[in-house]
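Q: Take this sequence and fold it.
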Amino acid sequence: MALNKNERKVLDVIRQDPYVSQQDLADAVELSRSAVANIISNLVRKGYLLGKAYIVNKERPIVCIGAANIDNRHIVQDDLVGKTSHNIKAASSLGGVARNTAENLGRLSEHVELISVVGNDDDWKRIKNHSKHFIDLTSVSVLEEKSTGNFIEIINKEQELLVGLADMSIYECLTPKLINKYLNVIQRAKCIVVDTNCPKETIEFLLAFTKRYNIKLVLMTVSAQQMGNLPHRLDGATLVTKHNELETAFKRPVQTNADLKEMVLLFLNRGFKEIIISKDSEKIIYGNKNRMRIFENPRPYNKQYDWGQNEAMISGMLYAEFHLDFCEDPVLAGVVNAFKTLDCLEIVRPDLTNDKLQKEVEETTTPITEMKF
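A: This next block holds a predicted model:
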């Protein structure tokens, strides 16, 4: 069962100190002692605590594996002219597809753990200070000789990406050998989400591991350049990608619904269980062996801005899958979270909660087109 904000705060304190007194616990979360007592009773009823001794019931987490970095956007304010300087509007935020997905899930009150590699630097401190409120960071490896990943986007005033510059070499250290250090974490996972910043051999290792232990595997692409890390077959996995990454990788247009259908069928034939393709911020396509569904964004302004869309999509979908009383259509829950994220122009929308998303799903007017295969 899902947790509200105060329940999650109380559980976080208990996880850090299972022997905390009820008064100290009340002081830590800034609530009355009687309110904390009621919350503890709710946590016992919901199965998060085993009895009143604060024994935490280790629920199976969703484990996200991949990038945790800093994203920098530079929006050129006038017409771009070569070999001269330009006025820009600069913004910086936390990023990384795996980290973004994990924060979405954490804000939805899901127990989520991150496996990543970072440098021992100010960028990691910034990531840690923010992310620790939503994500278990115990399995993040700090590498003294490396720098935390950084990504730069140069964008024109029409919100079109001109060029992206990525310093992601640290993720070459996400090898099967490093992943082996955290087998106890991923073995108890109910789902593993991995982004293609991970080397190809690591993704192949995780595919074999999840098959053996019957764990759901979601693979998220991060760029056209990293499509080479995608194994040819990923039997039983879920793929989350973008139409322009597919265009570059396959050197063919992916624009019309017919083009998108061809891509869905291509990956289904490669063994994927289900495929999600976002086309800018205009539409999201979902396909499995039975049908393809096209979800049109009812607010299609700001067409080129799609930061955080796929991370929001898969997070909402997974949350609904693992909480059957949340809504009847997990894919729709993901789509609504994705389109709402585009509206707020944040990589992870700061007002996201499971209650808010559930209400948004109930009120959605997203047009849907369905095709049978």
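Q: give me the low-pLDDT residue ranges for this protein?
A: 1-2, 50-58, 301-305 (pLDDT under 70).
Q: Identify the residues contacting the residue most central in space within it.
A: By Cα atoms, centre = their mean, the chain has its centre lying nearest to T101, at 1.4 Å. Shown in contact with T101 (Cβ atoms under 8 Å, 6 or more residues apart in numbering): C64, V193, D195, M220, E311, I314, S315. All C-beta spots, glycine's among them, are computed from the backbone N, C-alpha and C.
Q: if we go to 10 Å?
A: Shown in contact with T101 (Cβ atoms under 10 Å, 6 or more residues apart in numbering): 62, 64, 66, 112, 114, 135, 193-195, 218, 220, 240, 308, 310-315, 318, 348.
Q: sec struct for it, please.
A: When classified by DSSP: H, G, I helix; E, B strand; the rest coil, T101 comes out as helix.
Q: where's it relative to T366, distance?
A: 21 Å (Cβ to Cβ, to the nearest Å).
Q: Same check on N150?
A: Counting by Cβ to Cβ - N150 and T366 are separated by 35 Å.
Q: again with I215
A: Distance from I215 to T366, by Cβ to Cβ: 30 Å.
Q: ditto for I294
A: Applying Cβ to Cβ to I294 and T366 gives a distance of 10 Å.
Q: Inside strands: which ones of the contacts of T101?
A: If you go by DSSP state E, those have I62, C64, V112, L114, V193, V194, D195, V218, M220, V240 in strands.
Q: what's the farthest-apart pair in those?
A: Farthest-apart pair in the ones in strands among the contacts of T101 is L114 and V240; separation 17.2 Å (Cβ to Cβ).
Q: Give me the more crowded residue out of those two.
A: Using other Cβ atoms under 10 Å as the criterion, L114 and V240 rank with L114 on top: 30 against 26.
Q: show me what contacts that one?
A: 61-68, 96, 98-99, 101-103, 106, 127, 131, 134-140, 185, 193.
Q: Now the buried members of the residues you listed.
A: 61-68, 96, 98-99, 101-103, 106, 127, 131, 134-137, 139-140, 185, 193 (16 or more other Cβ atoms under 10 Å).
Q: Neighbours of the closest residue to D259 other than its chain neighbours, how many?
A: Closest residue in space to D259, ignoring its immediate chain neighbours: P253 at 5.7 Å, by Cβ to Cβ, 6 or more residues apart in numbering. Around P253 sit 10 other residues, with neighbours defined as other Cβ under 10 Å.
Q: host element of P253?
A: When elements are assigned from DSSP states H and E, P253 belongs to no helix and no strand.
Q: Next, it: phi, psi?
A: phi -70, psi 140 (degrees, to the nearest 10).
Q: Pretty sure I70 sits in a helix.
A: No. Counting by three-state DSSP, I70 falls outside a helix, being strand.
Q: I'd say it and E153 touch.
A: No. Checked against Cβ atoms under 10 Å, the pair I70 and E153 is beyond contact range at 11.9 Å.
Q: any idea which element I14 lies in?
A: helix 5-16.
Q: can you list contacts of that helix?
A: With Cβ under 10 Å, 6+ apart, helix 5-16 has contacts from 1-3, 20, 24-31, 35-36, 38-40, 42-43, 46, 48-49, 54-56, 58, 106-107, 109, 111, 132-134, 136, 353, 355.
Q: what packs against the helix or strand that that helix is followed by?
A: Next in sequence after helix 5-16, counting helices and strands by DSSP H and E, comes helix 22-29. Other helices and strands packing on helix 22-29, by 3 or more Cβ pairs under 10 Å, 6 or more residues apart in numbering; DSSP states H and E, are helix 5-16, helix 33-45.
Q: which residues touch helix 22-29?
A: So helix 22-29 is contacted by 5-14, 16-17, 20-21, 31-37, 39-40, 52, 54 (Cβ under 10 Å, 6+ apart).
Q: Run the chain-centre distance for that helix.
A: 32 Å (Cα atoms, centre = their mean, to the nearest Å).
Q: Show me what counts as buried in that helix.
A: L25, A26, A28, V29.
Q: need the residues you listed in JSON lines with distance to E245, can you?
A: As requested, these are exported to JSON lines (distance: Cβ to Cβ, whole Å):
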{"residue": "L25", "distance to E245": "47"}
{"residue": "A26", "distance to E245": "49"}
{"residue": "A28", "distance to E245": "44"}
{"residue": "V29", "distance to E245": "43"}
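Q: Closest to L178 out of those residues?
A: For those, the nearest to L178 is A28 (34.0 Å; Cβ to Cβ).
Q: So what's the residue count around E245?
A: Neighbours around E245, by other Cβ under 10 Å: 21.
Q: I meant to write Q255 there.
A: With other Cβ under 10 Å as criterion, Q255 counts 12.
Q: That one: what's it in contact with?
A: H243, N244, E247, K279.
Q: how about a cut-off of 8 Å?
A: Taking Cβ under 8 Å, 6+ apart as the test, what Q255 contacts is H243, K279.
Q: and it, which of the three is it?
A: Assignment for Q255 (three-state DSSP): coil.
Q: State the distance from it to K261.
A: 12 Å.
Q: can you check L318 too?
A: Counting by Cβ to Cβ - L318 and K261 are separated by 24 Å.
Q: Can you pick out the residue with more neighbours from those two?
A: When neighbours are counted by other Cβ under 10 Å, L318 comes out ahead of the other of L318 and K261, with 26 against 16.
Q: hang on, isn't that one packed against N104?
A: No. Using Cβ atoms under 8 Å, L318 makes no contact with N104, being 9.2 Å away.
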